[in-house]
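Novice: quick check, what structure comes out for this input:
(one chain, ligands or ions: 2)
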Amino acid sequence: MKKDRLFLVKLGGSLITDKTKPYTPRIDVIRRLLGEIKEAISMERRLILGHGGGSFPHVSASKYHTYRGFVNEKSLYGMTVVHRDASRLNSIIIEELLEIDVPALPIQPSSITIAEDSRIIEMYIEPIKLLLGHNILPVVYGDVALDLEKGCCILSTEEIFRFLSIKLKEEYDPYIVMCEVVDGIYSKDPIKYPDAEFIPRVTRDNYLEVKEYLSSSHGIDVTGGMLHKVEVLFELAKEGISSIILNGLIQNNLKSFLEGKHVKGTIIQY
Ligand code: ATP
Ligand code: IPE
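Specialist: Ligands and ions are numbered 1, 2, ... in the order given. Model prediction:
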């Protein structure tokens with residue numbers, strides 16, 4: 001029997017916050033994208049929403065070196081601050097969803113997850129399955145987690161999507177949609193180099209070459225930047241789960257993709 005398509009949509013941290021100013025949401029961008037998501041839901045698209053942290057948790061995460069674990073006497077406090085910062089942005093997203101009458105429930109990743117060296121090994125996802133059945137939008141986000149190896153770690157939205165899509169693929173046909181501030185993957189950072197070449201597809205034929213392009217980029221942050229995204233997405237592609245990286249700054253790009261129209265973006269497929 002054909003399974004229902006399930007979109008796991010991430011709104012990147014650089015897209016929904018101003019990364020140059022701590023704790024600054026880009027509220028106009030957030031409202032427009034949530035409006036597009038609402039339209040897709042009204043067309044019976046089934047979704048899990050995820051979002052990055054951008055300028056909310058990235059400053060505290062760097063200050064306390066949270067991605068390295070419990071490394072000094074400030075680490076325990078630091079981890080809780082990073083969580084607080086991430087959940088502040090999440091509250092804004094939830095508030096905006098409720099404002100436009102989309103029933104949405106936040107799922108706090110740090111309270112349902114155990115990780116090992118930044119990879120999720122356990123996550124209690126039964127509530128997410130039930131929410132999907134009730135057509136309530138589950139909203140996850142990049143967060144901290146307890147880590148059996150390092151004490152704590154940072155969980156990227158991509159890592160959460162990796163775990164969720166593998167677990168949910170028995171029941172659904174997952175497809176990952178990453179909304180960014182660029183059109184997809186390029187031969188070098190397109191924001192710094194206007195002559196960068198666009199790469200429409202990442203497959204087993206060019207994966208290693210693309211990884212080279214991304215390793216040399218300067219855009220690496222506490223969760224590994226574009227390289228981490230492509231590594232996780234390629235791992236999923238091997239499991240039969242495809243994804244697209246597209247530009248969320250272009251009006252109706254996300255909506256059009258969810259409606260099944262062709263949009264510019266990098267598709268990652270095995
Ligand atoms: P964050 O909040 O961490 O920025 P994000 O999900 O919005 O989260 P990044 O981790 O910053 O995204 O990664 C996306 C960025 O990577 C793009 O905005 C782009 O400037 C940069 N980048 C670097 N090299 C490349 C490349 N070769 N192709 C595409 N983007 C690249
Ligand atoms: C990072 O999450 C969250 C924290 C630093 C706690 P993501 O990796 O999903 O977020 P962005 O898109 O890089 O901000």
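Novice: ok, now how distant is T20 from V210?
Specialist: T20 is 28 Å from V210, where distance means CB to CB, to the nearest Å. Heads up, the C-betas are built off the backbone N, CA and C, glycines and all.
Novice: out of those two, which sits in the more crowded spot?
Specialist: Comparing T20 with V210 by other CB atoms under 10 Å, the one with more neighbours is V210, at 22 against 7.
Novice: list the contacts of the helix or strand containing that one.
Specialist: Applying DSSP states H and E as the criterion places V210 in helix 207-215. Helix 207-215 has contacts (CB atoms under 8 Å, 6 or more residues apart in numbering) with 185-188, 199, 202, 225-227, 230-231, 234.
Novice: need the pLDDT of the residue lying closest to G69 once chain neighbours are set aside.
Specialist: Setting aside the residues directly before and after it, G69 is nearest to K150 in space (CB to CB, 6 or more residues apart in numbering), at 2.6 Å. Looking at K150, its pLDDT stands at 98.
Novice: residues contacting K150?
Specialist: Residues near K150 by CB under 8 Å, 6+ apart: 68-70, 117-118.
Novice: same question, S42
Specialist: Residues in contact with S42 (CB under 8 Å, 6+ apart): none are found.
Novice: per-residue pLDDT of it, please?
Specialist: We have a pLDDT of 94 for S42.
Novice: for T223, same thing?
Specialist: As predicted, T223 sits at a pLDDT of 65.
Novice: kindly report the same for I220.
Specialist: Here the pLDDT value assigned to I220 is 48.
Novice: hang on, the earlier thing: and the contacts of helix 207-215, which are buried?
Specialist: With burial judged by 16 or more other CB atoms under 10 Å, the buried subset of the contacts of helix 207-215 is 185-187, 199, 202, 225-227, 230-231, 234.
Novice: report how many residues lie close to L33.
Specialist: 26.
Novice: tell me the spacing between it and ligand 1.
Specialist: Look at L33 and ligand 1: by CB to the nearest ligand atom, to the nearest Å, they are 13 Å apart.
Novice: follow-up on the earlier one: okay, and which of the contacts of helix 207-215 map to helices?
Specialist: Using DSSP state H, the subset of the contacts of helix 207-215 located in helices is 225-227, 230-231, 234.
Novice: which one of those is nearest S60?
Specialist: Ranked by distance to S60 (CB to CB), the ones in helices among the contacts of helix 207-215 are led by G225 at 18.2 Å.
Novice: what's the distance between the closest one and G52?
Specialist: 11 Å.
Novice: next: L11.
Specialist: 7 Å.
Novice: ditto for E44
Specialist: Taking CB to CB, one finds E44 at 27 Å from G52.
Novice: between those two, who's got more neighbours?
Specialist: Taking other CB under 10 Å, E44 and G52 do not tie; G52 has more neighbours (27 against 8).
Novice: now do the phi/psi pair for the nearest residue to that one once chain neighbours are set aside.
Specialist: Ranked by CB to CB, 6+ apart and with sequence neighbours excluded, the top spatial neighbour of G52 is G13, at 3.0 Å. Backbone torsions for G13, taken as degrees, to the nearest 10, come to phi -60, psi -40.
Novice: do I16 as well
Specialist: phi -100, psi 0.
Novice: burial check on it, number of neighbours?
Specialist: The number of residues near I16, taken as other CB under 10 Å, comes to 26.
Novice: right, and it touches G52 too?
Specialist: Yes. Between I16 and G52 a contact is recorded at 7.2 Å, counting by CB atoms under 8 Å.
Novice: outside of stretch 120-134 itself, list whatever touches it.
Specialist: With CB under 8 Å, 6+ apart, stretch 120-134 has contacts from 6, 46, 48, 105, 107, 109, 112-115, 137-138, 140, 145, 148, 155, 159-160, 162-164, 167-168, 171-172.
Novice: what sits against T113?
Specialist: 120, 122-123, 145-146, 155, 160.
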